[in-house]
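>>> Provide a 3D model corresponding to the input given below.
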Amino acid sequence: MIPVDTAIKACGSLCLPDSQYRVVHTTIIETYFVEISNRPRKLYKASNEELRKDLENKAIYSIKSSLPKQLYLLDEDLKASWIEERDKYKKILFPILKNLSDFIEGNSAGLVAFQEVLENSSLNKATLYSKIYKFLMYSKHGNAFLPSHFLKGGVGEFKKTSPETKIRGRPKERKKRHGTVNVGDREKNG
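Below is the predicted model:
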């Protein structure tokens, strides 16, 4: 069917809501997707028969979706705090990552691994799911657990403005207020 790590877009599909997805796992019967354009990200599954129909009807088609260049940075180019955070999540989520296909399919081994991580870590369910789905969305790349600071801009980066973008910061002069001021009887007579 559709190869793993392929980015697709669904428009009017029988089996998926309209959005962008990445294929994360396939079986003989089903294909699993993670949503890449909306938050919170969710895991979806669709039968291969419905997918075949959607592909024939062009309700699902392949799109280009590149991974952030920061995922390909070497450890020498990363801040020490980022490496610590990445390694912390790799260590915490190791039981799930070891049984990732079981977790995706919802098999007992994957659910036991998820429950084990939930009990042994201070993370809640929502955080665990978001970290796992982020890992899947970034094609199971080792640096997927890096903090997403590269999405924010940051220190030393020049913020470009153009005629189409709004100028950042407070305007130089405050706008004059137009309208009337409420005046009481004493001010009127006085």
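>>> is it true that residue 70 touches residue 143?
Yes. Using C-beta atoms under 8 Å, residue 70 is in contact with residue 143, at 7.3 Å. All C-beta spots, glycine's among them, are computed from the backbone N, C-alpha and C.
>>> which one of those two is surrounded by more residues?
Neighbour comparison, residue 70 and residue 143: the larger count goes to residue 143, with 19 against 16 (by other C-beta atoms under 10 Å).
>>> go through the longest strand along the chain and flag the buried ones.
Longest strand in the chain, counting residues (DSSP state E): strand 19-26. Of all the residues in strand 19-26, those buried under the rule 16 or more other C-beta atoms under 10 Å are 19, 21, 22, 23, 24, 25, 26.
>>> kindly report the same for stretch 48-55.
For stretch 48-55, the buried set under the neighbour-count rule, 16+ other C-beta under 10 Å, comprises 48, 50, 51, 54, 55.
>>> name the element residue 90 belongs to?
helix 80-92 (DSSP states H and E).
>>> kindly report the same for residue 44.
Using DSSP H and E, residue 44 sits within strand 43-47.
>>> which strands and helices sit next to the helix or strand following that strand?
Counting by DSSP H and E, the next helix or strand C-terminal to strand 43-47 is helix 48-56. Under the contact definition 3 or more C-beta pairs under 8 Å, 6 or more residues apart in numbering; DSSP states H and E, helix 48-56 sits against strand 30-35, strand 60-62.
>>> among the ones you listed, which is the most enclosed?
Among the helices and strands packed on helix 48-56, strand 30-35 has the highest mean neighbour count (mean count of other C-beta atoms under 10 Å), at a mean of 22.
>>> now that strand, how far from the centre of its chain.
Centroid displacement of strand 30-35 relative to its chain, using C-alpha atoms, centre = their mean, to the nearest Å, is 15 Å.
>>> contacting residues around it?
With contact meaning C-beta atoms under 8 Å, 6 or more residues apart in numbering, strand 30-35 is reached by 1-2, 8, 16, 19-26, 41-48, 51, 104-105, 133, 136-137.
>>> what's the local residue count around residue 45?
17.
>>> how far away is it from residue 33?
From residue 45 over to residue 33 the distance is 7 Å, taken as C-beta to C-beta, to the nearest Å.
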